[in-house]
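Student: Generate a structure from the sequence data that follows.
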Amino acid sequence: MNAHNQPHPAASCPLPIVDADGLRRALQDANLPTLLMVYTTYVQDRAYLDSFAPYLTGIYTAEAPSNVPEAMAQDLRDRLFALLTGPTPPIERAIDPELLRRMMSVSVGEEVDPAIMPVLYDQMGFERAVPRREMPGRIHPPAGFRVLVIGGGMTGIAAGIKLAEAGYDYTIIEKNSDLGGTWFENRYPGVGVDTPSHFYSYSFELNPDWSSYHPKGPEIQNYLTGVADKYGIRGHVQFQTMVVAARWSDTDSNWQVTLRDVGTGAERVETANAVLLAHGVLNRWSFPDIPGLNNFRGPKMHTAGWDPEVDLQGKSVAVIGTGASAAQLAPAIAGKVSRLVIFQRSKHWVLNNPDIAVPVNDNIHFALRNIPHYKEWFRFRVYWFTGDGLYGNVKMDADWPNKDVSISAQNDAARSYALQYIHHKLADRPDLIEKIVPDYPIFGKRIVLDADGGWLDTLLRPNVTLETDAIDHIEENAIVTKSGKRYEVDVIALATGFELAPALGPLKVYGRGGCDLAAAWGKDEARSYLGVMAPAYPNFFMTLGPNSAPNHAAGVNMVLEAQIHYIIEALDAVVAAGGKAIEPTEQAYLDWNEKVEKQMAQMIWSHPKAKSYYLNSKGRNYISCPFKLADYWSWTRTPDPAAVAIS
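Tutor: As a prediction, the model looks like this:
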């Protein structure tokens, strides 16, 4: 919010709108609560806003669905049409915070807590923040203060943009030949994102042009590289280079970073004042330990290393795994293969999301591109219903009965919704229902999102077999199960996920006195402060570090933005103090981890039946953030002076 605590939306679309026919069509198709927010942004008529409140309900409530009378809806469209096409454009005015909160509450049909207003306003992208280098009174970083960023995916690109805005010299080290990270690497048929596209994007670079509400991988990759090109990121990237080790110099208070050329293997050492680890968690493929896998003579490929040159037409294909990647891959290839055998290793809850395959039509595109504030208010709705609105699914209700199958009223409702969909889709195949329905509460591990023509419909195809018998071994041209069933296949697709441990992968990090971070963490005992720093490792910052992944909801983009903000705040604190390094205190580190453990005990991931890749070998969840996105965002606004040490 601005200096006067008065939100002042800045329109990015020119007025008046001259395409009257296009506007009328857009108003007819556009989301009505979002149109109401656009109108109220300009007119600020509280009484008119409140007149819609009885008809707009939250999507997670037991009340009747939102049903605005058509006469009211058309009146709103007519008012907005007149406003946006009039010869004198409406004046942008500051919005009183209480009115803004009321607008948000009416829009989503439930009360919005005043405490989370700042995060909501920030994530809507309403008001472009003043670049740090232009902030009055700020002490600028000294010339040559260099930040080395490891990874050029979604996080690395955002880090580069924000570091540049803050006046820091930065270099991005990227092992691939292009930016994009997981979206550059993952090219298997059907690859896409579970998070709605209008939220899975940077808050400072909203995209009105998504082709669907859940776009496929190539479109996300194009968005990320387009943003990178807009901000001149490529000139700061060393491609096809890996970071081998980073060693803190106690004498010089900087990092000596060993880099390796991917092509030649040649190594060199570069110096940086700070290191930002942005390599993500989904970048090391997990290969199943199946006897004979290496003896298979046909093509075998992990989904993250898909070879598009392999022709699947008319082939017999095996997919090992039934998680999110398999549920995207199988529907994309089932129609072209002669036979598809899917080997299930564990059960996953399947949840219907009809928007998965829905394209954004021309009228909605018109609204997003041309109606001022529409895309921002639409993003707000998407965040609200796919972000912390889902927190009740993973937070245990201490008084909830029968915790064996669900953990709260909201979780139980989601379970019933999922079961209804599964039983409807597989009504004639009780054998499949028995095979796929898990015995753990829904959201205990990552769910599979589905829609018509997707995963469950694929399982019903006559050329598709779901095999739940465990694989015993693989031969030159076949997969053999424990009970002796033998499936001859031409191609094996490994939808077997990623290795999350050890958290640093092969990277070696040595802090004060040569202490070894990988040794301190062991294989899977990674801990940190705020998921961002660790004591004894000055100016070494992590993104999506231990216990900071938003596994209850959409929001990885929101978390990484919050963490980058915190990191730059920390660097600014060092500069302002005339210091050279910052790190968390041992007490802050211990207090944070105690807070995480206490909250984690109340989360679904601690349920005795919830076994997932979030858990380490001791059953501790070291991946997920057990707090609401809004709370975590608030905690990362600025370093707590009592929790950090500057030297």
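
Student: From now on I want contacts and neighbour counts done on CA atoms only, so please keep to that.
Tutor: Fine.

Student: so is Trp183 in a helix, a strand, or just coil?
Tutor: State at Trp183, reduced to three classes by DSSP: H, G, I helix; E, B strand; the rest coil: helix.

Student: Give me the nearest residue to it, chain neighbours excluded.
Tutor: Once flanking residues are discounted, Trp183 sits nearest to Gln221: 5.3 Å by CA to CA, 6 or more residues apart in numbering.

Student: same thing with Arg486?
Tutor: Nearest residue to Arg486, sequence neighbours excluded (CA to CA, 6+ apart): Val480, at 4.4 Å.

Student: so what pLDDT did the one you found get?
Tutor: Note for Val480: predicted pLDDT of 98.

Student: Count the residues that sit near it.
Tutor: Here the number of neighbours of Val480 (other CA atoms under 10 Å) works out to 17.

Student: likewise the one 3 residues further on?
Tutor: Applying other CA under 10 Å, we find 10 other residues in the vicinity of Ser483.

Student: That one contacts Glu467, doesn't it?
Tutor: No: taking CA atoms under 8 Å as the definition, Ser483 is not a contact partner of Glu467, at 11.4 Å.

Student: Which SSE is immediately downstream of the helix or strand of the chain with the lowest mean pLDDT?
Tutor: Here the helix or strand of the chain ranked lowest by mean pLDDT, DSSP states H and E is helix 117-124, holding a mean of 87. Later in the chain than helix 117-124, the nearest helix or strand by DSSP states H and E is strand 146-150.

Student: and Gly235, how many residues sit next to it?
Tutor: Using other CA under 10 Å, Gly235 has 11 neighbouring residues.

Student: That should have said Val112, apologies.
Tutor: Val112 has 18 neighbours, counted by other CA under 10 Å.

Student: follow-up on the earlier one: list the contacts of the residue nearest to Arg486.
Tutor: Val480 makes contact with Ile471, Asp472, His473, Ile474, Arg486, Tyr487, according to CA atoms under 8 Å, 6 or more residues apart in numbering.

Student: Tell me how far whatever helix or strand Ala414 lives in lies from the chain's centre.
Tutor: Mapping Ala414 onto the secondary structure by DSSP H and E places it in helix 409-425. Distance of helix 409-425 from the chain centroid (CA atoms, centre = their mean, to the nearest Å) equals 24 Å.

Student: Let me know the average pLDDT across it.
Tutor: Mean pLDDT, helix 409-425: 95.

Student: So which residues of the stretch 501-647 of the chain form strands?
Tutor: Along the stretch 501-647 of the chain, the stretches classed as strands by DSSP state E, counting those that start in this stretch are 508-510, 540-542, 582-584, 644-646.

Student: what packs against the first one?
Tutor: Read it as strand 508-510. If contacts are counted by 3 or more CA pairs under 8 Å, 6 or more residues apart in numbering; DSSP states H and E, strand 508-510 sits against strand 241-249, helix 517-521.

Student: Distance from the chain centre to that strand, please.
Tutor: Per CA atoms, centre = their mean, the centroid offset for strand 508-510 relative to its chain is 27 Å.

Student: next one: the second one
Tutor: Put simply, strand 540-542 sits 19 Å off its chain's centre (CA atoms, centre = their mean).

Student: who touches that strand?
Tutor: Ala274, Val275, Leu276, Leu277, Ala278, Gly531, Val532, Met533, Ala534, Ile567, Glu583.

Student: Listing partners with orientation, what would you give for that strand?
Tutor: strand 274-277 (parallel) (DSSP bridges).

Student: and the nearest residue to Ala304 once chain neighbours are set aside, how far is that from Tyr213?
Tutor: Among residues not flanking Ala304 along the chain, Asn186 sits closest, at 4.5 Å (CA to CA, 6+ apart). Going from Asn186 to Tyr213 by CA to CA, to the nearest Å gives 19 Å.

Student: what's the neighbour count on Ala47?
Tutor: Here the count is done by other CA under 10 Å, and Ala47 has 8 residues near it.

Student: let me fix that: Tyr55
Tutor: The number of residues packed near Tyr55 is 15, by other CA under 10 Å.

Student: Could you tell me which residues make contact with it?
Tutor: Ser66, Asn67, Val68.

Student: State the distance from it to Glu110.
Tutor: To Glu110, Tyr55 is 12 Å away according to CA to CA.

Student: Tell me which residues are up against the least confident helix or strand of the chain.
Tutor: By CA under 8 Å, 6+ apart, helix 117-124 touches Met1, Arg101, Ser203, Glu376, Trp377, Arg379, Phe380, Met558, Ala630, Trp633, Ser634.

Student: So the fourth one belongs to a helix, correct?
Tutor: Yes: with three-state DSSP as the criterion, Glu376 is part of a helix.

Student: quick one: it and Phe126 touch, right?
Tutor: Yes: the criterion here is CA under 8 Å, and Glu376 meets it with Phe126 at 6.2 Å.

Student: between those two, who's got more neighbours?
Tutor: Between Glu376 and Phe126, counted using other CA under 10 Å, the more crowded position is Glu376 (26 against 22).

Student: what separates that one from Met242, distance-wise?
Tutor: As judged by CA to CA, Glu376 and Met242 stand 38 Å apart.

Student: what helices or strands is the longest helix along the chain leaning on?
Tutor: If you go by DSSP state H, the chain has its longest helix at helix 556-576. Applying 3+ CA pairs under 8 Å, 6+ apart, one finds that helix 556-576 makes contact with helix 154-165, strand 582-584, helix 629-635.

Student: what sits against Pro502?
Tutor: Counting by CA under 8 Å, 6+ apart, Pro502 makes contact with Ala518, Gly522, Lys523, Asp524, Ala526.

Student: one step back: which of the contacts of helix 117-124 has the most neighbours?
Tutor: When neighbours are taken as other CA under 10 Å, the top entry among the contacts of helix 117-124 is Glu376 (26 neighbours).

Student: okay, now the residue nearest to that residue when sequence neighbours are not counted: neighbour count?
Tutor: In space, and not counting its chain neighbours, Glu376 is closest to Met124: 4.9 Å by CA to CA, 6+ apart. Residues near Met124, counting by other CA under 10 Å, number 23.

Student: Leu99 now?
Tutor: Using other CA under 10 Å, Leu99 has 16 neighbouring residues.

Student: ok, now how distant is the closest residue to it other than its chain neighbours from Pro33?
Tutor: Leaving aside its chain neighbours, Leu99 sits nearest to Arg46 (7.5 Å; criterion: CA to CA, 6+ apart). Look at Arg46 and Pro33: by CA to CA, they are 15 Å apart.

Student: One more: Val405?
Tutor: Distance, Val405 to Pro33, using CA to CA: 35 Å.

Student: neighbour-wise, which of those two wins?
Tutor: Higher neighbour count among Val405 and Pro33: Pro33, with 25 against 16, using other CA under 10 Å.

Student: That one belongs to a strand, doesn't it?
Tutor: No: going by three-state DSSP, the assignment for Pro33 is helix, not a strand.

Student: In this structure it contacts Ser107, no?
Tutor: Yes: contact criterion CA under 8 Å: Pro33 and Ser107 qualify, at 5.2 Å.

Student: which residues do the two both contact?
Tutor: Common neighbours of Pro33 and Ser107, using CA under 8 Å, 6+ apart, are Leu56.

Student: And Ala493, its phi and psi?
Tutor: According to degrees, to the nearest 10, the main-chain angles of Ala493 amount to phi -110, psi 120.

Student: what sits against the residue positioned nearest the centre of the chain?
Tutor: Residue closest to the average C-alpha location in the chain (CA atoms, centre = their mean): Val556, at 2.9 Å. The contact partners of Val556, taken as CA under 8 Å, 6+ apart, are Tyr200, Ala549, Pro550.
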